[in-house]
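Undergrad: Got a predicted structure here, sequence first:
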Amino acid sequence: MTLPYGYLAEFRTPEAVLAATRKARDRGYRRMDVYSPFPVEGVAEALDFERTSVPAAVLVGGVIGAAGGYFLQYGLNAVDYPLNVGGRPLNSIPAWIPIIYELTILLGSLSAVFGMLALNGLPMPYHPVFNVPEFARASSDRFFLAIEARDPVAKEHPPREFLESAGAERTWILEG
């Protein structure tokens, strides 16, 4: 027998899914996620989201962009093709500021996009919740709470009964 991926519960209102998420957190469940058609205030705190490392990726991308812009221009203007016009220095940083700035912004924003995609696990062409036909309503008017079966508490106490007692309209076992 294969173990299920987890358990999915459907709720009608954002308040109901938020209350169920808080109850699940208080009960000890940690590996869970909420799906809703719009952001629900308080869900991130109820899920106890950790701080993300996207800002660090943006900083690294920006620093690499600035250093790359500087060394690109230094290599071109001072090493490969040194041209002394009017006594200006070969290493003229004030003239290079626009390029350095633009490469900082370019690589910082690209690292933000690709870092966010990587940390979110996207693109995700398949997820077990897609097997539930009613899950399509998560993008229009329903709210869903999924608890993974590999959660330590879920291994001891399968959460299906808990989800039904928390006010779920329907529950499903998600096959992985």
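TA: Received it, and whenever you're ready, just let me know what you need. Numbering: from 1, shown residues only.

Undergrad: going forward, measure contacts and count neighbours with C-alpha atoms only.
TA: Noted.

Undergrad: buried stuff in the helix-or-strand element of the chain with minimal mean pLDDT?
TA: Ranked by mean pLDDT, DSSP states H and E, the helix or strand of the chain with the weakest confidence is helix 152-156, at a mean of 90. For helix 152-156, the neighbour count (16 or more other Cα atoms under 10 Å) marks 153-154 as buried.

Undergrad: Same question for stretch 22-37.
TA: Applying 16+ other Cα under 10 Å to stretch 22-37 flags 22-25, 29-32, 34-36 as buried.

Undergrad: could you dump those residues to CSV with secondary structure and distance to residue 95?
TA: Shown next, in CSV, are those (DSSP: H, G, I helix; E, B strand; the rest coil; distance: Cα to Cα, whole Å):
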residue, secondary structure, distance to residue 95
22, helix, 56
23, helix, 59
24, helix, 58
25, helix, 56
29, coil, 57
30, coil, 53
31, coil, 52
32, strand, 52
34, strand, 51
35, strand, 50
36, coil, 50
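
Undergrad: Kindly provide the distance from the residue most central in space within the chain to residue 133.
TA: Nearest to the geometric centre of the chain sits residue 120, at 3.6 Å (Cα atoms, centre = their mean). Remark: distance between residue 120 and residue 133 (Cα to Cα, to the nearest Å) = 23 Å.

Undergrad: Check residue 55 too.
TA: From residue 55 to residue 133 the distance is 37 Å (Cα to Cα).

Undergrad: more neighbours, these two?
TA: residue 55 (15 against 8; other Cα atoms under 10 Å).

Undergrad: what's the nearest residue to that one if we skip its chain neighbours?
TA: Leaving aside its sequence neighbours, residue 55 sits nearest to residue 112 (Cα to Cα, 6 or more residues apart in numbering; 7.5 Å).

Undergrad: what's the burial count for the one you found?
TA: For residue 112, using other Cα under 10 Å, the count is 22.

Undergrad: Just confirm it contacts residue 56, I think it does.
TA: No. Counting by Cα atoms under 8 Å, residue 112 does not reach residue 56; the two are 9.1 Å apart.

Undergrad: Fine by me, we can end here.
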